[in-house]
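Student: For reference, the sequence and a predicted model appear below.
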Amino acid sequence: MSDDKRLRTPERLHIGASRLERIATTSAAVTIDMSWTHLGDPPISYDTASSAPKRLLRKLGIRRYQDNPALYAKTNFHVWRYRSEDKLDFSDSRFSFAYSEHVLEHFRFDRAIELLGELFRVLRPAGVARIVVPDADYRTYETAEPAGFPSRSLAWNDPNKHKVRWSVYSLTLAMEFAGFEAQAITYCDEDGNFVQRNHEEAYSGLPLADPDFAFRTDYIIRSKSLVIDGYKRA
């Protein structure tokens, strides 16, 4: 494929995709096609799953991973866990759109900036990286996230621990440090205002490498979250 044709063909990256079995039961099923590369946890094994994943698998009619190869054949899935100073195994400017939902809060601040820098590297000019995280402290639509979420008893190196309490101010700064132009889309500010911006307004007059997914939000599972886009200037 020529470089010109590749840059015209949408290629999308999903960071921290969890498992496709879980995604397939939500509105995020729109991301399961060959235009997407998902980096996430290993597939669920029915024999070793706890009770909640087993209920999910039974709902899908799955008794073991081998029963469901068709789901994984529909898209590009890679088992992935980020470690400090890792590089994403993709060439520069490959993807037209990138997406991460409720993942970046599990990283230390320095490692979150490292990962954002890698997203900037692999994104095409005029591409968008959409970051969705808990609006931990300023949210007015529900109680602020308790300290040490989800439990103070969890060690700080536990992957489930929330290690950063993001706000519109800190995430904007982190994305700008990584090279992006930050576009705050959904957020609460320090005055208690809940703001939801229109994507067409945010990108008025700007070229977009992948307008289809830049303008749609039906793949966001937890829509009441802090949503900030990183735009890579063309």
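Tutor: Ah, there it is. Residues are numbered from 1 along each chain as shown.
Student: distance of the closest residue in space to Arg222 that isn't next to it in sequence from Met175?
Tutor: Once flanking residues are discounted, Arg222 sits nearest to His102: 6.2 Å by CB to CB, 6 or more residues apart in numbering. Just so you know, the C-beta spots here come from the backbone N, C-alpha and C atoms, and that holds for glycine as well. Separation of His102 from Met175 (CB to CB, to the nearest Å) stands at 16 Å.
Student: higher neighbour count, the two?
Tutor: Neighbour count, other CB atoms under 10 Å: between His102 and Met175, Met175 has more, with 26 against 18.
Student: now Ser93: how far from Pro150?
Tutor: From Ser93 to Pro150 the distance is 37 Å (CB to CB).
Student: And the two? Which one has more around it.
Tutor: Ser93 (17 against 12).
Student: Might one say that that one is in contact with Ala126?
Tutor: No. With contact defined as CB atoms under 8 Å, Ser93 does not count as touching Ala126 (10.3 Å).
Student: give me the low-pLDDT residue ranges for the chain?
Tutor: Within the chain, the ranges that satisfy pLDDT under 70 run 1-7, 24-25, 27, 43-68.
Student: Just give me the longest helix of it.
Tutor: helix 109-122 (DSSP state H).
Student: helices or strands next to it in the packing?
Tutor: strand 12-15, strand 95-101, strand 123-133, helix 168-177, strand 226-231 (3 or more CB pairs under 8 Å, 6 or more residues apart in numbering; DSSP states H and E).
Student: one step back: settle this for me: the residue nearest to Arg222 is touching Ala136, isn't it.
Tutor: No. If you go by CB under 8 Å, His102 and Ala136 don't touch, sitting 11.3 Å apart.
Student: quick one: contacts for the most centrally placed residue in the chain?
Tutor: With distances taken as CA atoms, centre = their mean, the residue of the chain nearest its centroid is Ser100 (0.6 Å). Going by CB atoms under 8 Å, 6 or more residues apart in numbering, Ser100 touches 14-16, 119, 129-132.
Student: Then Thr75?
Tutor: Counting by CB under 8 Å, 6+ apart, Thr75 has contacts 20, 31-34, 36-38.
Student: which element is Leu71 on?
Tutor: helix 69-73 (DSSP states H and E).
Student: What helices and strands are in contact with whichever helix or strand comes after that helix?
Tutor: As assigned by DSSP H and E, the chain's next helix or strand after helix 69-73 is strand 76-79. Counting contacts by 3+ CB pairs under 8 Å, 6+ apart, strand 76-79 packs against strand 36-40.
Student: Tell me what the residue lying closest to Ile15 once chain neighbours are set aside is bridged to.
Tutor: Leaving out its chain neighbours, the residue that sits closest to Ile15 by CB to CB, 6+ apart is Ser100, at 4.1 Å. Beta-bridge partners recorded for Ser100 (DSSP bridges): Ile15, Ile131.
Student: so how far is Met175 from Ser100?
Tutor: Distance from Ser100 to Met175, by CB to CB: 12 Å.
Student: what touches both of those two?
Tutor: Here Ser100 and Met175 have 129, 131 as joint contacts, going by CB under 8 Å, 6+ apart.
Student: Burial check on Val164, number of neighbours?
Tutor: Neighbours of Val164 (other CB under 10 Å): 20.
Student: Equivalent analysis for Tyr203, please.
Tutor: Counted with other CB under 10 Å, Tyr203 comes out at 18.
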